[in-house]
Each structure stands twice: as structure tokens, then as C-alpha cells.
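> Predicted model, plus sequence, below.
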Amino acid sequence: MNNLQLKQLLKQYFGYSEFKKGQIEIIKSLLANNSTLGILPTGTGKSLCYQLTGKIIRKPVLIISPLLSLMNDQVEQLKYSGEKKVVALTSELSYNEKDFILNNIASYSFIYVSPEMLKNDKVALQLSKIDIGLLVVDEAHCISQWGPDFRPDYLRIKNFRKLLHCPLTLALTATATSEVAHDIQVNLFDSSETSHVIRYSVDRPNIFLAVHESPSSTEKNMYLIELISQLNGPGLIYFSSKKQADRISEMIRIKTNLRAASYHADLSVMNRYTIQHQFMENQLDIVCATSAFGMGINKQDVRYVIHYHLPSDLSSYVQEIGRAGRDGKRSIAVLLYSKTDIGLQQQLSIDSLPDDFDIDNFNTASELDDPSSTDRVLQYYFDQNIKTDKIKAIFSKRRKEKLEKLNVLLRYITNDGCRRKYLLKYFRESVIPEHNEKCCQLRGEELKLNEFKFEKKKYKEDSLVNYKVILESFFKT
Amino acid sequence: MNDDKWLLFFSDTQPRRHAVIRQVLSNKRTVSSLYWGMQYHILDWLNVEPELDEKQFDLQIDNLCEKGYLAATSKGLILSAAGIIQKKDYQKKSYIITEPSLFQHIDEKQWLELLPLLIQVISELSYHNHRYYVVGSSIRAQLFFKNWYQNIANKNDLASSLKQLLKLFLEHLPQEQSNIFMALFSGHETIGKTTEQVATMLPKFSHEDVVSLWRDLSMQFAFFLLEGDSNFRRLVVPLSTKEKLSKSALITYQLFNDNLSIEQIAEKRRLRVSTIKEHLLESAILRDDFVYHRLITTDDYSIMTSTFIGETIDWDYKQLDDHIEFFKFRLFQIERSKRIE
Ligand SMILES: [Zn+2]
């Protein structure tokens, strides 16, 4: 199938006229029957790769994905595009519901499944009965045993894949060093199989990179208000804490005429939907979100991403700013930094790791609900009969790695040269563009917002509508 | 969150309410929490705050003590004079759930996901639109909904029927409340507002008020549908139960009504006699058809009737000098308190 035909199908099924960087290469590789590892930065539309392939090969696609909220979002997006035969098999379902889905599994075209479900014999059995055209392993770096996002359930995938007679497979991840890429291949494929690796640059040339150092949190808040009052929206502001996201979003509403809302795990599903969709429809200018709870939405015209707190590391930073400028238009990423933030980030990422005491006192018999928890990883190591000393060494190494990652991030802030160059060098990219005024703000340089400024808009005061009017507009009778 | 809300459940004379309030609101059932909940007349509030966190609650109570609204006595906490005023003020200014007892009968969690889904799907259906993002709800709620929807023979009437029912239901409420309620839903080409957004638009309503209103009216609408005979009734029926007793207590109570003795029930169910007695006390508290004289003899009655006078809550078991077992005393107390009501 040539590029033109693929473009026609893209238009026909999803309504887009152009592919994004990397998508067409991955789809062609899959259509040529090559199992593929795609390393693509977020915002490049990874899910479209398997969604379109699935439509073309007309066989069921099975997607293993670890994040419930993202899974639900993708199910919704597929349904919206007119694909009704889509389902997600998760631990959220009751026994009867799972049973119903499993007994009708052959009627679905896209089946999402969380990795811990593969433990279930009936799930494995029913899935093995259907002719899977494509197996997708999302967030494939979770398979890397010594990596920070390791999920023991991912190691089941290799055997499970054999049970399915090794179907065509697509492994996807946003960022992977070459070691992690190797780990993914070893843990997913047999040594006799060859798989293609398609890697795309993490660079997003249309995003201007800037940092602002604040001496105090009062100054930071003042600067933030000044910044967003000038910047062309819509924008996202990332936080490490839910409370701060709430507080700052309220401050923005009081001090500016911008429409802001906070978005995090404490919201009800209904309020989450409301905020996502108000943002999509430009009924909100700013969403204050926690990074731990990324929004699954696919909004093309986010003009800026501001980090109120430090991201956990440079990879996460690149992923999070990747939500800006998906439409390819000029956008800006500003990292707000004050020295006190280091403590907070250290607490979040490093102090949460188990220490020697925790490991010595780990109760291997306890019930674990959260499949992403460190306890689950500990449990796995114990189940593998790895000696306590070795486990301690693993976590001590991990602590050092996390500390080093934090330092790498801090050097992004304090480094005197081009920020983009620093970033691309860290990801060992071969092509590094020359710095110019459209690239980044160097340390000590004043942040010039000219090209990102917006014309002041006036919003009319929002007020409640009479319920009878709502009833009339909701129900056309 | 406004801590003052808890003042509603405290009294200026009865000091032992603290733990009972928490247990009743979060539906932690023990014979003691049910018995005292009955005596304090707060049993209607069973399960209204199922997610209530003990630590958080105690911190808020500490806060109320610090503010001087609750005063510590040797026996526990009571409302202070300032607390009485503050409680009245809270009652005047805040939205208080009007039908708390529905939270025992209808699965709130499921219904609060289903109702927005119902309104959106029927709204889009009335416009023959199939391309829309389904309102936030768990896959579980969506499957449940789908199952109901597929069994509707004539879908053409759904929109006008739902519109009519909502109108009937909302007409009887203060208009501002109806406006708030409907503003929270998404429908065709309309994205609803969050509870917080609604609260910022209305100076008289706090965020918590809007949340309480949303929960209260949603549950009342479920009950309204349950009482009617529309297609929507079948959506609510599986989420509702008339039974107040816990499962195990209900089995015991049925055996008791089949004329089995406490010992026979214990043997049949392989449970301890004390457990069976707890079940029976739960049944006496929560049901109105309990046959007391099967356990309290005429002699017991005459002894206890002559021993005790005044408020049941003030009776002291010690006055019986061990002539009658505590279980019977407690049953008698329950019977008499209910009679007074
Ligand atoms: Zn640069």
C-alpha cells in the first residue's frame, strides 16, 4: 500500500488529512508483517498507528495497556470515530461483566486489556481462541526489569504472546534509552524473531523552551499571574500536588479574567469529563493538572505548558511539554523553578522508594491491590527468590539513579548553553539544530513574549440558565 | 469542607455522640452504633457519608472544639452555647440533604454515574446524533446502562418521557435548585458545569452545598422514577433495595420469624448465640414488625415495667439486679423507645 492510499484511508476513517511524523513508517512496517518497536514522543499520535492498521487488516487488535484512565480515553476516542466494537477488560469490571465480555470476545475489533488481567486463566483462554491480527504493547518500557517503571505483570506478555502463536506485534513507548529498547526486545520476542525499531526525535522545534528562577513562592505566584495574563492560550500548568493545583487555579480565577480549573485524581469522573471537554471546546483557558494524572485528551492547539513544580525527570518533562503545539504552531514551555522545589521532588520520587528497613520487614503475604506499587515490585523480587541483599542493592542503585536524574534535570535549568541542545544530547540524538532566537531562552536572558502574546478577550459573565431552557435544548421532541 | 456540618448531629445534653455519629454516617454497623443512632434519632443518616475517613473526621471534630463550638465534658462532647448558635446559622445558610434515608436504599455510587449517562444518551438520541464523547463514567456503569437500553422496545418515546419526568420532578423544587441541578449535566452540544464552577457563580452556595444538592436531588429523582412506571424505573430497580438489615442479620431474622429459637438458629447457621442475639437486636432496631413477646415473657414485662420510669435513654440496667439478662433489657428498651416515637 502506498502513501497516497494510506492517506485516503486516514481521511476516511479518522478525518485527518496528514500523518504525523513516524506514523506512516510504523503502519507500513506493520503492513509488511514486521513486528515493530516504535519509540515516539508523546503527542505524535501513537494510538493512531494501531487503530488504522487494525481497520486495514480487518482482524481484531489486542492492546495491553497499564493505565486505566488512558485506556478509557482511547476507548472513547475510538467510539467517537465510529468504531463501536471496542471494549476494555479491566479489574474495574465485576465478575459477571467480565464473563459477558469474554463470552462475546470474538465480536470486538479492538480489545484493551490491563496487564494484570493476563493472570486470569479464562481471559488467556478466550483470547487465545480468536485470530488476533495485531498485538500492541503500550508503555512497553514497563517491561524493563531493572527500570524505574517496571511492572512485573509485563513479564507475562512473552508467554502469553506464544499462547497466541506469536501474532504481529507493535511495542510502543515514548522514551527509551538503547538499553531499555534492548530489554523490551529480549523480554517480548524470541531470539529467532527479528523486529524493526523505529525511533523518532524527541525534539519539538515549534516549542520554545524557557525557565524562570524564583527567589520565593510569592514571587513565583506573581510571575505566574504576569505570565499567563500575557500568554496566548489555551494553556496547561503542571503541579506535583493536588492541593497546589486547586489553590493556584483559584488564585488565577480571582486575579485574572481567565477561565481556569484544576484537574486531578480527586475529581469525580463526571467533573473530570466536564473539565476535559470544556478545555477541548475552548470553554476553559487554563487547566491546572497534576503530572501524575495526565489528561488523555488529544487537544491540538495547546499554546503553552508551564511547570509550577519540578517534573520528576527530563523524560517526563519532554513528555509533558509535548502536550503543547501538537498542531505544529509556535508554542512555549516555561519551567518555573525555586530552590525549595528540589526538596519536594526529592520527597516524591526518592523518599518513596523502600529502604533497607522496609525491605527487611516486607510482608510477602499481604494482599496488594495497586499493580503499579513498589510493594508489587518487591513482591515480585521475593517471588523470584532474589536474596534480600540483592534487592537492597537494586533499590539503592535505583535511588542513585533517581538522584542522578534529578541532577540532570537541575542542570537543564542551570546550564548556560542552549537548552534544546542539552536536552537532545541527553537523549543521545545525532542531529542537534543550531541555537537561534526562536529556539530557547538562555540562562540570564530576559524572556521575550512578543510572539506568544495574545489580544485581550472579554468574556461575558457566566450565569445559570433556567432549567426549562436546558430541558428544551437537551431533548428535541 | 465545612466542619460545621457535623454540629447538626451533636446535642447540648447528650455527650456520647461523637463515635456514634461517625459510625452511623459511614454505615459501620454494630448493635451499639445502631442502638445509640436510634436513641439520638440520626439513623436516617445511615450511609450518607460512606467514604468518611475516621482520622479526617476526628481532626474536624478537634477543630470544632478549638473554635469553642463543642465543649468537652467528662463523658464526652456536647454543643456549647456558641455551638448552638453556629448550628442554627449553618442550618439557615447551608444546603442540607432533605432525604437522607434514600442513601440506605439506592446504590448512590452507581446511580450518580448512570444518571448523567442517561441524560446525555437520551439527549443525543433525540437529535439522532451518534458521534459524541460519552460522559465520564466507569465501563461498569456503561455496560449496565447498555443492558438496560438494549431491552427497551420503543426508543422513540424515551426523550419526551424523560423530559416530562424531569419537568414534573423539578417543578416542585425552588427554581434556583432546579437550575443548579440541570446545569451539572451534559447533553447535546452542551457541556455541563462542574460543581465548583456552579458554586463560584452563586454567592449563596458553597461548593459543598452544590455537591449536597446534587447528591440529594439525584437520589430523590431515582426514588421518583422508582415510584412511577416509566421505562426508567427498570434502570433504578436493580440499584435499589427496601431491606434495611444486613444480609446475615436478615437470614437470622427470617429464621426467627419461622419460629426457630435463638439456639436453633445458632446451630443451623453455625454461629455463636451472641452473634444471633446481635442480629435480633439489629432487626428490632431497624424493622417495625419485630415480635418482642417471643423473647420477653409476661413476667419480664411486669418486672421491667414496674422498675423503669422516665426516658428510656436514662434507664440503668443495674436496677434489675441481674434478674433479667441484658439482651432482654435492651430489647425492651428498643420497644419502648419506638413506641414513644
Ligand atoms: Zn537554544
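Okay, I see it.

> Give the burial count for A:N104, as a bare number.
By the measure other CB atoms under 10 Å in any protein chain shown, the count of residues near A:N104 is 11. In this view, the C-beta of every residue, glycine as well, is placed from N, C-alpha and C.

> so how far is A:Q74 from it?
20 Å (CB to CB, to the nearest Å).

> cool, and A:R272?
For A:R272, the distance to A:Q74 - CB to CB - is 15 Å.

> Neighbour count for these two, which is higher?
Applying other CB under 10 Å to A:R272 and A:Q74 shows that A:Q74 carries more neighbours, namely 23 against 19.

> Let me know whether the more buried one touches A:G45 as I believe.
No: counting by CB atoms under 8 Å, A:Q74 does not reach A:G45; the two are 11.5 Å apart.

> in the chain, which spans are strands?
You didn't say which chain, so I picked chain A. A:36-39, A:61-64, A:86-89, A:110-113, A:134-137, A:169-173, A:196-199, A:207-213, A:235-239, A:260-263, A:286-290, A:304-307, A:331-337 (DSSP state E).

> if you could check chain B rather than the one you did, that'd help
B:70-73, B:76-79.

> got the contact list for B:A19?
Taking CB atoms under 8 Å, 6 or more residues apart in numbering or on different chains, we find B:A19 in contact with B:S33.

> low pLDDT regions in the chain?
No chain in the question, so chain A it is. Where chain A drops to pLDDT under 70, the residues are A:42-44, A:69, A:146-148, A:292-297, A:363-373, A:455-461.

> wait, chain B
For chain B (pLDDT under 70), the answer is B:1, B:340-341.

> Quickly list the domain ranges of it.
B:3-94, B:108-239, B:247-340 (automatic domain parsing).

> To the ion, which of the ones you listed lies closest?
domain B:108-239 (38.2 Å; CB to the ion).

> Any chance of JSON lines for the strands of chain A, columns mean neighbour count and distance to B:D58?
Putting the strands of chain A into JSON lines (neighbours: other CB atoms under 10 Å in any protein chain shown; distance: least, CB to CB, whole Å) gives the following:
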{"stretch": "strand A:36-39", "mean neighbour count": "25", "distance to B:D58": "50"}
{"stretch": "strand A:61-64", "mean neighbour count": "25", "distance to B:D58": "43"}
{"stretch": "strand A:86-89", "mean neighbour count": "22", "distance to B:D58": "39"}
{"stretch": "strand A:110-113", "mean neighbour count": "22", "distance to B:D58": "41"}
{"stretch": "strand A:134-137", "mean neighbour count": "24", "distance to B:D58": "46"}
{"stretch": "strand A:169-173", "mean neighbour count": "25", "distance to B:D58": "45"}
{"stretch": "strand A:196-199", "mean neighbour count": "16", "distance to B:D58": "54"}
{"stretch": "strand A:207-213", "mean neighbour count": "21", "distance to B:D58": "42"}
{"stretch": "strand A:235-239", "mean neighbour count": "25", "distance to B:D58": "28"}
{"stretch": "strand A:260-263", "mean neighbour count": "26", "distance to B:D58": "27"}
{"stretch": "strand A:286-290", "mean neighbour count": "24", "distance to B:D58": "27"}
{"stretch": "strand A:304-307", "mean neighbour count": "24", "distance to B:D58": "36"}
{"stretch": "strand A:331-337", "mean neighbour count": "25", "distance to B:D58": "37"}
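
> Tell me which of those strands approaches the ion most closely.
Nearest to the ion, of the strands of chain A and by CB to the ion, is strand A:207-213 at 6.8 Å.

> Measure how buried the nearest residue to A:T477 once chain neighbours are set aside is and give me the count.
Spatially, and ignoring its direct neighbours in sequence, A:T477 is nearest to B:S160 (4.3 Å; CB to CB, 6 or more residues apart in numbering or on different chains). Neighbour count of B:S160, defined by other CB under 10 Å: 14.

> Kindly report the same for A:D355.
12.

> List the residues that contact it.
Taking CB under 8 Å, 6+ apart as the definition, contacts of A:D355 comprise A:F395.

> ok, now B:I106?
Counting by CB under 8 Å, 6+ apart, the residues that B:I106 touches are B:219, B:222-223, B:226, B:236, B:239-240.

> Tell me the most packed of those, by neighbour count.
The contacts of B:I106, ranked by neighbours (other CB under 10 Å): first place B:A222, 26 neighbours.

> wait, it sits on B:L115?
Yes: with contacts counted by CB under 8 Å, B:A222 reaches B:L115, the gap being 7.5 Å.

> out of everything not next to it in sequence, what's closest to A:G233?
A:D285 (4.4 Å).

> what's the burial count for that neighbour?
23.

> circling back: helices - which of the contacts of B:I106 land there?
B:219, B:222-223, B:226, B:236 (DSSP state H).

> give the contact list for B:E335.
B:284, B:290, B:292, B:296.

> Can you flag which of these belong to helices?
Using DSSP H, the contacts of B:E335 in helices are B:A284.

> By neighbours, which of the contacts of B:E335 wins?
Ranking the contacts of B:E335 using other CB under 10 Å puts B:A284 first, with 26 neighbours.

> now that residue: how far from B:H105?
20 Å.

> How about B:S178?
With CB to CB as the criterion, B:S178 and B:H105 are 23 Å apart.

> between those two, who's got more neighbours?
The neighbour comparison of B:S178 against B:H105 (other CB under 10 Å) goes to B:S178, with 23 against 19.

> Right, and chain B sits closest to which residue of the stretch 251-400 of chain A?
Nearest residue of the stretch 251-400 of chain A to chain B: A:Y273, at 2.9 Å (CB to the nearest CB).

> still on that earlier bit, what's the closest of the strands of chain B to A:V211?
Comparison of the strands of chain B against A:V211 by CB to CB identifies strand B:70-73 as nearest, at 49.7 Å.

> Parallel or antiparallel, which strands does the closest one pair with?
strand B:76-79 (antiparallel) (DSSP bridges).

> For the partner strand, could you pull out the residues that count as buried?
B:77-79 (16 or more other CB atoms under 10 Å in any protein chain shown).

> got CSV for the residues you listed, with distance to B:D4 too?
Below are the buried residues of strand B:76-79 laid out as CSV (distance: CB to CB, whole Å):
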residue, distance to B:D4
B:L77, 14
B:I78, 16
B:L79, 11
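
> how about whatever residue of the stretch 1-150 of chain A ends up closest to the ion, what does it touch?
The stretch 1-150 of chain A approaches the ion most closely through A:P41 (17.9 Å), counting by CB to the ion. With contact set as CB under 8 Å, 6+ apart, A:P41 has these partners: A:174-175, A:200-202, A:204, A:318-319, A:322.
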